[in-house]
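1. fold the following, please.
(chains A, B, C and D)
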Number of protein chains: 4
Amino acid sequence: MAGNSFGKLFNLTTYGESHGPALGGVIDGCPSGIELDLEAIQNELNRRKPGQSAIVTQRKEPDTVKFHSGIFEGRTTGTSIGFVIENTNQKSHDYTHIKDSYRPSHADYVYDQKYGFRDYRGGGRSSARETACRVVAGAIAKQMLKNIEIVAYVSAVGTMKLDKPYTELDLTKTESNIVRCPDETMASNMENYIKEVRSKGDTVGGIVSCVIKNAPIGLGEPVFDKLHAELGKAMLSINAVKGFEYGSGFHGSTMYGSDHNDAFNSDGTTKTNFSGGVQGGISNGMDIYFNVAFKPVATLIQKYETIDKDGNAVEMQGKGRHDPCVVPRAVPIVEAMAALVLADFHLLNKLYS
Amino acid sequence: MAGNSFGKLFNLTTYGESHGPALGGVIDGCPSGIELDLEAIQNELNRRKPGQSAIVTQRKEPDTVKFHSGIFEGRTTGTSIGFVIENTNQKSHDYTHIKDSYRPSHADYVYDQKYGFRDYRGGGRSSARETACRVVAGAIAKQMLKNIEIVAYVSAVGTMKLDKPYTELDLTKTESNIVRCPDETMASNMENYIKEVRSKGDTVGGIVSCVIKNAPIGLGEPVFDKLHAELGKAMLSINAVKGFEYGSGFHGSTMYGSDHNDAFNSDGTTKTNFSGGVQGGISNGMDIYFNVAFKPVATLIQKYETIDKDGNAVEMQGKGRHDPCVVPRAVPIVEAMAALVLADFHLLNKLYS
Amino acid sequence: MAGNSFGKLFNLTTYGESHGPALGGVIDGCPSGIELDLEAIQNELNRRKPGQSAIVTQRKEPDTVKFHSGIFEGRTTGTSIGFVIENTNQKSHDYTHIKDSYRPSHADYVYDQKYGFRDYRGGGRSSARETACRVVAGAIAKQMLKNIEIVAYVSAVGTMKLDKPYTELDLTKTESNIVRCPDETMASNMENYIKEVRSKGDTVGGIVSCVIKNAPIGLGEPVFDKLHAELGKAMLSINAVKGFEYGSGFHGSTMYGSDHNDAFNSDGTTKTNFSGGVQGGISNGMDIYFNVAFKPVATLIQKYETIDKDGNAVEMQGKGRHDPCVVPRAVPIVEAMAALVLADFHLLNKLYS
Amino acid sequence: MAGNSFGKLFNLTTYGESHGPALGGVIDGCPSGIELDLEAIQNELNRRKPGQSAIVTQRKEPDTVKFHSGIFEGRTTGTSIGFVIENTNQKSHDYTHIKDSYRPSHADYVYDQKYGFRDYRGGGRSSARETACRVVAGAIAKQMLKNIEIVAYVSAVGTMKLDKPYTELDLTKTESNIVRCPDETMASNMENYIKEVRSKGDTVGGIVSCVIKNAPIGLGEPVFDKLHAELGKAMLSINAVKGFEYGSGFHGSTMYGSDHNDAFNSDGTTKTNFSGGVQGGISNGMDIYFNVAFKPVATLIQKYETIDKDGNAVEMQGKGRHDPCVVPRAVPIVEAMAALVLADFHLLNKLYS
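-> Sure, this is the predicted structure:
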């Protein structure tokens, strides 16, 4: 209710501040008997962790997950799965300057207004550090979903945008570069661009695209819990996301019905896929694909003016180790959230069909 | 769980097929003592109803709402509010042709696959007719929210797009034309365009934009139930929606942090509003604004090829009374869903602050 | 959230006041393809309805249920099932005397305190009339559960108590008398006793017992949603219920472990069944049985002193048509609530096994 | 959904097996700004922990709780509160004998049937060890509820039963003896009785009674989420509980309405309190009181016959360190669950009044 849980049947509840002793969570509703590859889970965390490459924050944090329950002799038991990720890199900074001031386009101001005060060390609960827990749960969901393939990649950094649809890309190349863009030339350009942006102490936004293959027909619960509606919520709940579109998306709003309708083949598949694998809120067996827009990171390594608690103008100096562009590290988070949505609907579908 | 409920505290559960005896719903969690203007509720329904103008479906349906409970001596009692909208215009058609065939980009195929069979008269539960119930509940939510102003309007029909931000529009003119576009010249062009599209038996997509003014600071529950994430889910749950963006949206992904950050004024308001009134998932007191992309209606008044249940190719002829463009009638639906989201967070916020 | 919904997967949301135009509800999550016997549903309502015999309230109310959705060609479609029961017998009484005064051990006082005012006609929402909706949903749940047999009966009226366990009773005789007690001699004595109590304008409490046969192994979700915990909540949510016990119940608290433990047979069944068919919160395949204690109805046909809104002493005269003892009509309600609990766990169990 | 969460607004999700590395949980929905007395929380855990006295299990387990989040500078922040209790006393037993056999009246058999296999070390998730997490959350709930006093005590051990109502007891004496019975003579007799039972390797049941004072009027959400229904579910979810009654309880079912009705005083309080502080499912400001029946612990220190996985008869020998009677340690658990229920309704009530 208070917002720290996601999913109905495959349910994740998380906790943790960026500079507290640990983050963690509980996964409830994971069926029993799933053989877990714990290394694969840690690998997903490693794809998200800071310090992994030259174009992300240089903060060092091992992000090691420890499981406390729900797994026995290598398999899920059907009971709740508790896990913890210790924070090992909380510097005993002096945070006084942040304590009483509000960084622009951060959550400092609204947390103070909503809760009366806040854990001002780093972003506290509003830090994207919490997404580590999503990645853990998403990695388990992926293992439950087995044959369903969920692949995300960077399709835009700032105004640099892949102009090809996913069907013309070799998505297996996504992890071969640090930007996580499957087109190598574009990846190289993006990498240089991000470095340039960082050198100015600035940041830039981008887009993560995601494709889900082999999803069975029938996922999604009309009328409110449509598959794409839950995917949208899942993506919009990730820090810094400003928009979501699936299938034909915003471009689809400019089209004629006679062009947009997806004609059937005799086996129920469709000749085109403007629907993005979802019709009436229910998966139709075609590829599900969508785009997620991320704003530029708010923390700049520059001087700027802002206000303190009393509304006085103050000058602040951005410092620390921050991401110049969030999308390379967002790729595994997008996949994790997609996996959580699919896991939930997969279980529901077992029920009602 | 099965998808016919929306909202946690201000909760709406709906039922009803397009050609059954009636639609209806239950609103649970509406606080007691709210004086209801029943005429205002019916007016919202009238804004959505078919047959209201020359550019929407010419089906005639009074869409009269009757309340069964939860209201006494003009005020809400705090108990659940039951309501019913009778279907008066179900023609005793011969639906055999739809029964065994699947219309492209409709939900016919996936409903059959998911549920084993379907109410094939009209779209059954997948018909946008169900949104009438959302409008009833949204109208009550609006009355609960009092000073919070929620105004939606048509900002694009096909490729015709308003190039001004909402701040440069006179939104009070939205209801002065049948397109519901606040720019009168554009509205007139859009109207002609829609008529032209219809004359070809075709349909076209569009965009509804929405602005929420006077929302208090503090709405939204991190980390998963961020205000914009729930708004996104709400909008994506409306029939035919393909995308959602708020604040700077997809355009924001192309920007630099140094341009995108919203500098504070001394009173906590911001000089710019790329954030779209939401920071860290919580409303900051600035205007909340977002765009909702609608695909073109799938029902064309044309001949087309499709398949029957057994995968045989069949030719169908679109007929009946359908909307050539859904956005004019979608405006009150977008407002209603926004009101439901705000009502829920408004109650939660009372709790935690 | 606000208390008018029951069940997670097989979910019922209800509305309606005793003297409003209608009661009704929505069942969400009922799987598709269930052939419904509508007459059997109405029969369950008839078992609950007023005026059915000489020992219940003589109010006449047909309690006819009409379905609005979710059923097509005799089968459930998997979409939400809306239904309505019209109130046909709301006398246009003068309720002024109730409006400003509080009847002892009724909900008048607390409703006014909680909600600020109340629908004072009859008990409004607090009237047991709302249980009619539970019976409708329970009847559908029973049909979904097929082979699971749920049989309730009256085991005590006041101090008159059946001293035999259910295993020594012929439960098929329950419906053969108006008390719904399977022992005919006891039934006859109870009937006379209830008539005597009524002749004094008084009321008396009683106990309904319930047995569930053929429930599969595995129902119940530890640690909080144990099968018996949900059954307990379900029963305690029925008007006038004061206690719940299952298996050995309160008597079990006086026993030794060496007597209470249920030894296994080689097929996993147990030689005794003090566990009441539930171990660790999960059904073990043995009969589930429990007792539900009902207090005496608060409405007496006598003069009594009470207070008005301002705390002044006032004299009131109980009148109208009320039940002298609630348990005969409570039998189908207990069964309905048990069916709802089992339906929910039955679906969950499909999921996790 | 899968049963490891309790509460809607003040929500607890737990995990942990008796012999895994740790137990833990997440509390979501605790309002911000509550000054927490961490020592008081640990004290509640100490009241529950094993080894605390001569009449409970002699297993030694410090049960130290560590908080990971949601508390900053001594106060709750409004974000989710994560906590962990490490298991320090898991002996590296040989559990083979339990692995393949089913102890009577334990959850071994149903867990294997439901989940396909189980963590057979100790009771795994079915062990009452999980209630430690409930006590942590309940202790925080108590601190949030401030003036509301929740006091439980042992009122029966086997057939030894306090024959006085709580109003005639000095409840402040409850913690002065190891049985937690406020009548000192009775406490002494009970203590001797428990020791005698233990000396035979046997166990015995008992009753915990609970009184809640100073609860505000208005707690409880009709029609399904009545205050006493949620209290009932909460209590029945505790390991070994067989029954729940409140106010007049089962005895009330034998009474006449003319005796049972609680006449009003002019201030809205009542002269008697057969209602147990709850009318129509809503607290009326009077003391709330209820009884909880516990069965005898199933683990005996005796030889007994049972079956293995294949249905073969096997002889087992109960051993280890177990409670001969669960009620002394159950007292803080009953209080904790009551506190969780009240916390939830307290928040809901803020909302709707």
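2. can you pull the buried residues of the helix or strand that residue A:344 is a member of?
-> In the assignment (DSSP states H and E), residue A:344 maps to helix A:327-352. Neighbour-count burial for helix A:327-352, counted by 16 or more other CB atoms under 10 Å in any protein chain shown, picks out A:327-349, A:351-352. Just so you know, the C-beta spots here come from the backbone N, C-alpha and C atoms, and that holds for glycine as well.
3. hang on, isn't residue A:124 packed against residue A:112?
-> No: between residue A:124 and residue A:112 there is no contact under CB atoms under 8 Å: 10.7 Å.
4. who's more crowded, these two?
-> Using other CB atoms under 10 Å in any protein chain shown as the criterion, residue A:124 and residue A:112 rank with residue A:124 on top: 26 against 17.
5. tell me the contacts of the more buried one?
-> A:17-19, A:111, A:118, D:72, D:77, D:79 (CB atoms under 8 Å, 6 or more residues apart in numbering or on different chains).
6. ok, which pair from these is furthest apart?
-> A:19 and A:111 (14.1 Å; CB to CB).
7. pLDDT wise, what is residue A:94 at?
-> Per-residue pLDDT puts residue A:94 at 65.
8. is the worst-scoring helix or strand of chain A on mean pLDDT in proximity to chain D?
-> The weakest-scoring helix or strand in chain A, judged by mean pLDDT, DSSP states H and E, is helix A:96-99 (a mean of 78). No: applying CB under 8 Å from any CB of the partner chain, one finds helix A:96-99 separated from chain D by no less than 10.5 Å.
9. can you give the strand pairings for the next helix or strand after that helix, parallel or anti for each?
-> Sequence-wise, the next helix or strand downstream of helix A:96-99 (DSSP H and E) is strand A:101-102. Using DSSP bridges, the strands paired with strand A:101-102 are strand A:303-308 (antiparallel).
10. quick check: residue A:257 touching residue B:200?
-> No: contact criterion CB under 8 Å: residue A:257 and residue B:200 do not qualify, at 10.1 Å.
11. neighbour-wise, which of these two wins?
-> More crowded of residue A:257 and residue B:200, by other CB under 10 Å: residue A:257, with 26 against 13.
12. which residue does the stretch 251-353 of chain A have closest to chain B?
-> In the stretch 251-353 of chain A, the residue that lies nearest chain B is residue A:280 (2.5 Å; CB to the nearest CB).
13. OK, contacts around the nearest residue to that residue once chain neighbours are set aside?
-> What sits nearest to residue A:280 in space, not counting adjacent residues and going by CB to CB, 6 or more residues apart in numbering or on different chains, is residue B:107, at 2.5 Å. Going by CB under 8 Å, 6+ apart, residue B:107 touches A:222, A:279-282, B:123, B:126.
14. so residue A:315 sits against residue A:302, correct?
-> No: applying CB under 8 Å as the test, residue A:315 and residue A:302 come out as separate, 10.9 Å apart.
15. the more surrounded of the two?
-> Per other CB under 10 Å, whichever of residue A:315 and residue A:302 has more neighbours is residue A:302, with 16 against 9.
16. which ones are touching the more buried one?
-> Residues near residue A:302 by CB under 8 Å, 6+ apart: A:201-202, A:317-318, B:258.
17. just the residues you listed now: which is nearest residue D:96?
-> Closest approach between the contacts of residue A:302 and residue D:96, by CB to CB: residue A:318, at 60.5 Å.
18. what is the neighbour count of that closest one?
-> Burial of residue A:318 is recorded as 16 neighbouring residues (other CB under 10 Å).
19. for it, give me its contacts.
-> Residue A:318 is in contact with A:201, A:299-304, counting by CB under 8 Å, 6+ apart.
20. could you pull up phi and psi at it?
-> When read as degrees, to the nearest 10, the backbone of residue A:318 gives phi -60, psi 130.
21. repeat that for residue A:136.
-> Here residue A:136 shows phi and psi, under degrees, to the nearest 10, equal to phi -60, psi -50.
22. check contacts around it.
-> A:25, A:41, A:44-45, A:65, A:83, A:85.
23. so which residues on chain A come close to chain C?
-> Counting by CB under 8 Å from any CB, the residues of chain A lying close to chain C are A:1, A:9, A:29, A:31-32, A:78-79, A:222, A:347, A:350-353.
24. so residue A:321 makes contact with residue A:61?
-> No: counting by CB under 8 Å, residue A:61 is not a contact partner of residue A:321; they are 10.2 Å apart.
25. list residues touching both of the two?
-> Shared contacts of residue A:321 and residue A:61 (CB under 8 Å, 6+ apart): residue A:50.
26. out of the contacts of residue A:318, list just those in helices.
-> Judged by DSSP state H, the contacts of residue A:318 include no members of helices.
27. measure the residue in chain A sticking out farthest from the centre to residue D:203 for me?
-> The centre of chain A is farthest from one residue, residue A:266, which by CA atoms, centre = their mean lies 36.6 Å away. The gap separating residue A:266 from residue D:203 is 68 Å, by CB to CB, to the nearest Å.
28. likewise for residue A:162?
-> Distance from residue A:162 to residue D:203, by CB to CB: 69 Å.
29. now do residue A:45
-> 46 Å.
30. those two: who's more crowded?
-> Between residue A:45 and residue D:203, counting by other CB under 10 Å, residue D:203 is the more crowded of the two (30 against 20).
31. that older thread, residue C:155: which of the contacts of residue B:107 is nearest?
-> residue A:222 (44.6 Å).
32. find the residue closest to the closest one in space, skipping its chain neighbours.
-> residue A:281 (4.5 Å).
33. what number of residues lie near the one you found?
-> Look at residue A:281: counted by other CB under 10 Å, it has 24 neighbours.
34. again with residue A:310
-> Neighbour count for residue A:310, taken as other CB under 10 Å: 8.
35. surely residue A:232 and residue B:244 touch.
-> Yes: when contacts are counted by CB under 8 Å, residue A:232 is listed as touching residue B:244 (6.0 Å).
36. what is the burial count for residue A:88?
-> 12.
37. and residue A:34, by the same measure?
-> 17.
38. setting the sequence-adjacent residues aside, check what's closest to it.
-> Closest residue to residue A:34 apart from its sequence neighbours, by CB to CB, 6+ apart: residue A:76 at 4.4 Å.
39. how near is the one you found to residue A:143?
-> Distance, residue A:76 to residue A:143, using CB to CB: 9 Å.
40. any common contacting residues for the two?
-> In contact with both residue A:76 and residue A:143: A:34, A:36, using CB under 8 Å, 6+ apart.
41. surely residue A:12 is in a strand?
-> Yes: counting by DSSP: H, G, I helix; E, B strand; the rest coil, residue A:12 is located in a strand.
42. what's near enough to touch it?
-> A:5-6, A:25-27, A:133-134, A:137, A:340.
43. can you pull up the bridge partners for it?
-> Beta-bridge pairing for residue A:12 (DSSP bridges): residue A:6, residue A:27.
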